[in-house]
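A.B. asks: this is the structure alone, sequence omitted:
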């Protein structure tokens, strides 16, 4: 295969709402993910990677730009999806920079960027979205699975798309947990893999390309196809140890009184866990299909693949579901980077245990493509780590603003501690992950940890203050010499 000036192909795979502990390689001995496990074992597993936002669209804006939420401005996600803030015109995605360097770019599945920027080819869906129970006309916005998927499904079996939403109007769907009416090869994540393969077959060895593959699972509803649902017996699934425990001494919106689980609640939780794992195994199989096609077409020797998610899922821990909090189940994510063998060095670590951030996917892609990161990109590249060196940062920043903008928070995660700040009028969060990995004791008001709290607060303020570089400086072009900081680097 031609070297093409040393520029590799790039695949970014994102899941939706995937916890860190869902892979065999991250310690799960129930959920079967052999393809992702193999990629981690042949590449690098980042064991302490954190999201930049705990909600879908803001987190994905960070992944696309390599910038924090407070930088790009997509701070929250509206309950009515269609009115969620979009990326401002001066925000540039890393795909746009790849395009400018001669890459052909594509995206399939759920990327959830409002509006898509920087793609030459797309086959997109908005996501599974459990709130949508009709195929059109919902007050919360357009049906999320969308027209690209609907056309493909209708060509295979007319009327099948409508059956998805007909099933969602039955009594069985009231708890969002059921076996999907579709066959596995009709399911949305199967379609996404088909579209990825279609993209790969259209590429040539003459120019580099980049593909974003955005799977919709394991986001709810918990609705795998039958064959996958039957892989896991709900009776054999773990029940969260924290379900019946009191959650106290936290910000008020997080506290929960102790409550004994009913048999019905236990059954529901274990079924959801089983179906969540089923959706993960389906996605893993789809990644296997894509990898097989990559090898068959001769691209495997010159393609970098990065796999991560937007945020996690509480999955019944502390009697919570979904996201929007700073607990590890939501903010701690898997990140796997698989380099082709010819780009690996003997210094490549099989795993990296330092703190990293998911939006480094953007900076890493530019780095390997030979493109200078713009001065406003806050994300550091992971390339130094992948080549046996040190990472540029020892902490992670995560942000959150709720749908009605009534609550906002910022989280700093270091090698040992987590500090969550929710405003001056409420208690914050401070956890020692070394001594208390389950985050059972909030140390915010503990006198013995006052100095730790003060030090981490200063680091959080420093991170916020030193990541304020606006994107419109690059957007508008070269600044006059008298206002340009020498550390900002070159402008296009």
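C.D. replies: Done, it's in. Not measured: the values here are computed from a predicted model. Numbers count the residues shown, from 1 in each chain.
A.B. asks: pull the longest strand from the chain.
C.D. replies: Using DSSP state E to define each element, the chain has its longest strand at strand 209-218.
A.B. asks: how far off centre is it?
C.D. replies: Offset of strand 209-218 from its chain centre (CA atoms, centre = their mean, to the nearest Å): 10 Å.
A.B. asks: so for that strand, what gets flagged as buried?
C.D. replies: By 16 or more other CB atoms under 10 Å, the buried positions in strand 209-218 come out as 209-218. For glycine as for every other residue, the C-beta is placed from the backbone atoms N, C-alpha and C.
A.B. asks: one more: stretch 118-135?
C.D. replies: Across stretch 118-135, burial judged by 16+ other CB under 10 Å covers 118-119, 121-133, 135.
A.B. asks: mind listing the helices for the protein?
C.D. replies: Applying DSSP state H to the chain gives helices spanning 34-42, 56-65, 69-72, 94-100, 146-156, 160-167, 188-201, 226-229, 263-296, 328-331, 360-368, 383-386, 450-465, 472-476.
A.B. asks: just name the most buried of these.
C.D. replies: Comparing the helices of the chain by mean neighbour count (mean count of other CB atoms under 10 Å), helix 56-65 comes out on top with a mean of 27.
A.B. asks: if you count contacts, what does that one end up packed against?
C.D. replies: Under the contact definition 3 or more CB pairs under 8 Å, 6 or more residues apart in numbering; DSSP states H and E, helix 56-65 sits against strand 9-16, helix 69-72, helix 94-100, helix 360-368.
A.B. asks: show me the shaky parts of the stretch 101-250 of the chain.
C.D. replies: 143 (pLDDT under 70).
A.B. asks: rerun that using 80 as the cut-off
C.D. replies: Counting by pLDDT under 80, the stretch 101-250 of the chain shows low-confidence ranges at 114, 136-137, 139-144.
A.B. asks: the stretch 351-492 of the chain too?
C.D. replies: The model of the stretch 351-492 of the chain has pLDDT under 80 over residues 404, 469-492.
A.B. asks: mind listing the strands for it?
C.D. replies: With strands called from DSSP state E, counting those that start in this stretch, the stretch 351-492 of the chain shows them at 351-357, 396-401, 408-413, 417-421, 429-432.
A.B. asks: which neighbours in the sheet does the shortest one have, and how are they oriented?
C.D. replies: If you go by DSSP bridges, strand 429-432 pairs up with strand 417-421 (antiparallel).
A.B. asks: and the partner strand, how far from the chain's centre?
C.D. replies: That offset, for strand 417-421, works out to 21 Å (CA atoms, centre = their mean).
A.B. asks: and stretch 220-233, by the same measure?
C.D. replies: 22 Å.
A.B. asks: kindly report the same for stretch 261-279.
C.D. replies: Distance of stretch 261-279 from its chain centroid, counting by CA atoms, centre = their mean, is 23 Å.
A.B. asks: show the average pLDDT along that stretch.
C.D. replies: For stretch 261-279, mean pLDDT rounds to 97.
A.B. asks: list the contacts of that stretch.
C.D. replies: 22, 30-32, 175, 177, 189, 217-218, 222-224, 228-229, 231-235, 237-240, 243-244, 313, 315-316 (CB atoms under 8 Å, 6 or more residues apart in numbering).
A.B. asks: show me those that map onto strands.
C.D. replies: Those of the contacts of stretch 261-279 lying in strands (DSSP E): 217-218.
A.B. asks: can you get me a residue count around residue 79?
C.D. replies: Number of residues near residue 79 (other CB atoms under 10 Å) recorded here: 14.
A.B. asks: and it, its phi and psi?
C.D. replies: phi -60, psi -40 (degrees, to the nearest 10).
A.B. asks: the residue nearest to it when sequence neighbours are not counted: what's it in contact with?
C.D. replies: Nearest non-adjacent residue to residue 79, counting by CB to CB, 6 or more residues apart in numbering: residue 403, 5.0 Å away. By CB under 8 Å, 6+ apart, the residues touching residue 403 are 76-79.
A.B. asks: that older thread, just the buried subset of the contacts of stretch 261-279, please.
C.D. replies: Counted by 16+ other CB under 10 Å, the contacts of stretch 261-279 give 22, 31-32, 177, 189, 217-218, 222-224, 228-229, 232, 234, 237, 240, 243, 313, 315-316 as buried.
A.B. asks: give me phi/psi at the residue nearest to residue 79?
C.D. replies: Torsion angles at residue 403 (phi, psi; degrees, to the nearest 10) stand at phi -60, psi -40.
A.B. asks: do the one 3 residues further on as well
C.D. replies: According to degrees, to the nearest 10, the main-chain angles of residue 406 amount to phi -90, psi -20.
A.B. asks: ok, it to residue 422 distance?
C.D. replies: Separation of residue 406 from residue 422 (CB to CB, to the nearest Å) stands at 11 Å.
A.B. asks: more neighbours, the two?
C.D. replies: Taking neighbours as other CB under 10 Å, residue 406 and residue 422 compare with residue 422 leading, 21 against 8.
A.B. asks: the more buried one and residue 379, how far apart?
C.D. replies: 25 Å.
A.B. asks: next: residue 204.
C.D. replies: 30 Å.
A.B. asks: who's more crowded, those two?
C.D. replies: Using other CB under 10 Å as the criterion, residue 204 and residue 379 rank with residue 379 on top: 27 against 9.
A.B. asks: can you tell me the closest non-neighbouring residue to the more buried one?
C.D. replies: Spatial nearest neighbour of residue 379, chain neighbours left out: residue 66 (3.6 Å); criterion: CB to CB, 6+ apart.
A.B. asks: so what's that neighbour up against?
C.D. replies: Residues in contact with residue 66, defined by CB under 8 Å, 6+ apart, are 94, 359-363, 366, 373, 377-379.
A.B. asks: recalculate using a threshold of 7 Å.
C.D. replies: Neighbouring residues of residue 66 by CB atoms under 7 Å, 6 or more residues apart in numbering: 94, 359, 362-363, 377-379.
A.B. asks: ok, now residue 102?
C.D. replies: Neighbouring residues of residue 102 by CB under 7 Å, 6+ apart: 207-208.
A.B. asks: for residue 182, same thing?
C.D. replies: 160, 164, 225.
A.B. asks: neighbours of the last one, how many?
C.D. replies: Close neighbours of residue 225, defined as other CB under 10 Å, add up to 21.
A.B. asks: ok, it touching residue 180?
C.D. replies: Yes: with contacts counted by CB atoms under 7 Å, residue 225 reaches residue 180, the gap being 5.1 Å.
A.B. asks: now do the shared contacts for the two.
C.D. replies: residue 187.
A.B. asks: from residue 421, how far out is residue 452?
C.D. replies: According to CB to CB, residue 452 stands 14 Å off from residue 421.
A.B. asks: which elements pack onto the longest strand of the chain?
C.D. replies: Secondary-structure packing of strand 209-218 (3 or more CB pairs under 7 Å, 6 or more residues apart in numbering; DSSP states H and E): strand 9-16, strand 104-109, helix 188-201, helix 263-296.
A.B. asks: identify the residues contacting residue 192.
C.D. replies: With contact set as CB under 7 Å, 6+ apart, residue 192 has these partners: 108-109, 213, 215, 286.
A.B. asks: dump those to TSV, plus distance to residue 46.
C.D. replies: Listed next are the contacts of residue 192 as TSV, based on distance: CB to CB, whole Å:
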residue	distance to residue 46
108	24
109	22
213	19
215	19
286	22
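A.B. asks: residue 85 versus residue 139, what's the distance?
C.D. replies: From residue 139 to residue 85 the distance is 19 Å (CB to CB).
A.B. asks: ugh, typo on my part, it should be residue 74
C.D. replies: Distance of residue 74 to residue 85, computed by CB to CB: 5 Å.
A.B. asks: these two: which has the busier surroundings?
C.D. replies: Shown here are residue 74 and residue 85; by other CB under 10 Å, residue 74 has more neighbours (27 against 16).
A.B. asks: thanks a lot, catch you later.
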